[in-house]
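fold the stuff below for me.
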Amino acid sequence: MGSIQKWRTDLKAQLDFAGLDPTDLTTLDIEQIQREHVIDWLISNHDGHSKQFLRGKDGKVYGIDKGQLFKHLGQDRLAVDYHPNARYGEQEPFYNTLFRTVKEGRTEIDPSVTLRYIREVEKIPDEDYLAILRPYAEGRFGGDAGRKQAFYETALARKRNLRRDFESFYGDVLGRKDFRFDDVLDALPKKRLGAAEEALLEDARRLGWQGKALPFDEEDIEDQNALVFVETLKGRQRTVFKMKVRPEAEGKLMDALRKAGVDTASARVGEALPEDLFAGDILSAVKTINHHAQDQKYNQATLKKVSDHLKALRRLSKSDDQDIREMADTYIAWIERVQQAAHEKKTIDQRFETYLKKRATRTKKQKDAPFTVRRTKVRQPRREIRNGEIVVLDDGVDNSALFGGRGMKAGEQYEIDFGDGVRGVYRPWSNKNLYAQQGEFELVLPDRPDGKSVERAFERMESLASSGGRHARGYGAALSPQTGLSHQSRP
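Sure, this is the predicted structure:
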């Protein structure tokens, strides 16, 4: 038995940390070493010497050779002087070398980075963690139930005490016996992005249409990931953050939107009305009339569907809103034209077009709300890939137009305008929406992904969270510096 691993050819000339002074490490190097430190203490691997890290040309660090996992579990210590492989003439763990330098005051380290990865471990349910360990335990202990149970209990205790162990460790390294991660978080500066996050953004810029998945420490986000990618609209690039809100967590976001005040009745001039649930069906009816003018094999279900719309349209024709009345009257006339053409077995020569709003509506911004919200039918960009880049052809087409003119659900969405070029869109978990669109949340920034643009995203998300009160705060926390973006331990 053996193993097959990817052979990396994208490494720096100095491919590991052998011979490097910790004071020469970059912040990105150190943050990724902190990630590996959490992993190795969790699995009791004390063989992480300087040659057990590979350094990519893109700045990524890869921890390798975890073959001594759990070898010293239960007898080991998390300390800069613990080196069980010294008896074999091995180098000390590189963590010892790095943190001794920190202890001597020759370099600095951010403990909150370690906490970020501790939290990732803490999110794993105990039963799931035990399931991960089971193949290892079965292979190592076989039928020895007693030793197997003792191993499970010790490994689980290591996972549960991870935060406490590292608080004691940092207390020794920093000379602060009462060290607590909470105290560090309170003292952190406003800057939210570390070097690891900056590297992820660089990946997003470089990868073009593929984008980059950014992990979030927030259970309200499905898969705890957001996709960030760059697209071009009318020659200008913008950044899109796309994620999916879990259905059980939707109430938090909807609280924020309702508190801001949702404009449910207005559309911008030149846009379809939110009340327009009819245009796609009428277009389909016109098409079946014209296509089957010779054989009269009309799609009867389509014709019945538009006829059924008459009742709702006649009700809307009595609306106080002039645009709504005009839309209803226009569509009623078109449906009657369809019915007449079917009866007379003729084609329809006129071109059907969706009614677009003609008159501006003055909307009020909710006092104290840092954004405005309006509800519309689902509209999303029509995109194509050109030379490896995403190009937006039309920034707001409905589902029927997007899917080739087929009669699709119009759906509903909430458009969030922060007033500075940043906007969000949320499509709720509703039967009105196509299943694939339910729970979609997008944040669009008029910039390329860099530190400044993502800081703006953080600020807008937090304003959305604060507007919704304590029940909506999870969305701000998802993008916070303490619990937010995290650099994955593997590419």
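
let me know the pLDDT of Glu440.
For Glu440, the model assigns a pLDDT of 93.

swap that for Gly48, please
So Gly48 comes in at 93 (pLDDT).

where do the strands sit along the protein?
Counting by DSSP state E, one finds strands in the chain at the ranges 53-55, 61-63, 212-215, 225-233, 236-244, 262-263, 372-376, 379-386, 389-398, 413-417, 423-427, 440-445.

nearest to Glu36, out of those strands?
Closest approach to Glu36 among the strands of the chain is made by strand 61-63 (3.9 Å; CB to CB). In short, each C-beta sits where N, CA and C put it, glycine included.

circling back to that earlier point, got CSV for the strands of the chain, with mean neighbour count and distance to Leu25 too?
Compiled in CSV, the strands of the chain are given as follows (neighbours: other CB atoms under 10 Å; distance: least, CB to CB, whole Å):
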stretch, mean neighbour count, distance to Leu25
strand 53-55, 19, 10
strand 61-63, 20, 10
strand 212-215, 20, 23
strand 225-233, 20, 27
strand 236-244, 19, 30
strand 262-263, 18, 50
strand 372-376, 21, 46
strand 379-386, 15, 39
strand 389-398, 16, 35
strand 413-417, 21, 41
strand 423-427, 21, 38
strand 440-445, 22, 32
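
go through the ones you listed and find the least confident stretch.
Mean pLDDT across the strands of the chain is lowest at strand 262-263; the value there is a mean of 63.

tell me which residues of stretch 119-131 come out buried.
If you call a residue buried by 16 or more other CB atoms under 10 Å, then stretch 119-131 has these buried ones: 119-121, 129.

okay, domains of this protein per the record?
22-187, 195-261+366-477, 279-344 (automatic domain parsing).

among these, which gets the worst mean confidence?
Across those, the lowest-scoring stretch is domain 195-261+366-477, with a mean of 76.

picking up where we left off before, of all the domains of the chain, which one comes closest to Arg359?
Here domain 279-344 is closest among the domains of the chain (CB to CB), at 5.7 Å.

show me which of the buried residues of stretch 119-131 is closest to Gly411.
Nearest member of the buried residues of stretch 119-131 to Gly411, counting by CB to CB, is Glu120, at 34.6 Å.

distance of Glu271 from Gly396?
7 Å (CB to CB, to the nearest Å).

could you tell me which residues touch both of those two?
Arg379 (CB atoms under 8 Å, 6 or more residues apart in numbering).

what would the strands of the chain look like in a markdown table with distance to Gly19?
Below are those laid out as a markdown table (distance: least, CB to CB, whole Å):
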| stretch | distance to Gly19 |
| --- | --- |
| strand 53-55 | 12 |
| strand 61-63 | 16 |
| strand 212-215 | 32 |
| strand 225-233 | 36 |
| strand 236-244 | 40 |
| strand 262-263 | 61 |
| strand 372-376 | 57 |
| strand 379-386 | 45 |
| strand 389-398 | 41 |
| strand 413-417 | 52 |
| strand 423-427 | 49 |
| strand 440-445 | 42 |
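
out of those, which gets nearest to Arg140?
That would be strand 61-63 among the strands of the chain, by CB to CB, at 21.7 Å.

what ranges do the helices span in the stretch 351-491 of the chain?
399-402, 451-467, 473-477 (DSSP state H, counting those that start in this stretch).

any idea how far stretch 375-390 is from the chain center?
18 Å (CA atoms, centre = their mean, to the nearest Å).

equivalent analysis for stretch 115-130, please.
Remark: stretch 115-130 is offset 20 Å from the chain centroid, using CA atoms, centre = their mean.

could you tell me the end-to-end distance of it?
22 Å (CA to CA, to the nearest Å).

about what we covered before: closest one to Tyr355 among the domains of the chain?
Among the domains of the chain, if distance is taken as CB to CB, the winner is domain 279-344, at 4.1 Å.
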